[in-house]
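[1] what shape does this take:
(one chain, ligands or ions: 1)
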Amino acid sequence: MPFRDVVGHRRAIELLARSIHRDVLPPSLLFAGPGASTRDTAIAVAQALNCTQLIVDDSGLAADSCGRCSTCTRIARSMHPDVLVVAPGDSGAIKIEQVREVVDRSSYRPFEGRRRVVIVSSADALVPHAQNAPLASLDKSLGPLNLEKDKLTAVICAGGYRSSAAASMLQKQGFSNLLNVAGGTGAWVNAGYPVDKL
Ligand SMILES: [Zn+2]
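    Numbers count the residues shown, from 1 in each chain. Below is the predicted model:
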């Protein structure tokens, strides 16, 4: 589903479209809200990142997928090799094996698209070990991001444990200006810092 068909959330949708157009989309995004609209938005992001007939428009959404090309239709049907979706299984939980599998697959270059996208649907269903699994791949996933190691880089997670581990990994990689957000996302929100909610 292209951005233009997602119901509501105009401000956030325009921000996402602009970030994709300028190629400054953050490597990770957290969409919080009722299931259908957040899932639609995640799919729209994956399509806009990979569509072969991207629609660029100076007056409305800066960049949006066509919604009709082979890439867009396969992403919508969860059949595109570069857009990986992780969702709870029969148990209602997302298990560590599922996360390890997508982490392994996501460390390769895209097969045919421009950007590989991993969508974790219902991330609150991740079992605790599964929440920590992507940390192990941080070293490998940094390469394509092309971050400037002397610029301020903030790491944040829910409780503070994973961001501490991530900060020490980044330090070893040469990052010299790191900020580990004490108290995690809860403290960030409580302090009144901005969060774009969908
Ligand atoms: Zn398309």
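
[2] what residue lies at the spatial centre of this protein?
    Nearest to the mean C-alpha position of the chain, by C-alpha atoms, centre = their mean, lies Ser28 at 3.4 Å.

[3] tell me the predicted confidence for it.
    Listed pLDDT for Ser28 reads 82.

[4] same deal with Phe31?
    pLDDT, read off for Phe31, is 84.

[5] any idea how far Thr185 is from the closest residue to it other than its chain neighbours?
    Spatial nearest neighbour of Phe31, excluding adjacent residues (C-beta to C-beta, 6 or more residues apart in numbering): Thr38 at 4.0 Å. For every residue, glycine as well, the C-beta is placed using N, CA and C. The gap separating Thr38 from Thr185 is 16 Å, by C-beta to C-beta, to the nearest Å.

[6] neighbour count winner among those two?
    Between Thr38 and Thr185, Thr38 has the larger neighbour count (other C-beta atoms under 10 Å), namely 20 against 17.

[7] which SS state does the more buried one fall under?
    When classified by DSSP: H, G, I helix; E, B strand; the rest coil, Thr38 comes out as helix.

[8] cool, Ser168 as well?
    helix.

[9] tell me if I'm right that the residue nearest to Phe31 and Ala44 touch.
    No: contact criterion C-beta atoms under 8 Å: Thr38 and Ala44 do not qualify, at 10.6 Å.

[10] could I get the full set of strands for this protein?
    55-56, 63-64, 83-86, 117-120, 153-155, 178-180 (DSSP state E).

[11] report pLDDT for the residue in the chain sticking out farthest from the centre.
    Residue farthest from the centre of the chain, counting by C-alpha atoms, centre = their mean, is Ser59 at 26.0 Å. What the model reports for Ser59 is a pLDDT of 74.
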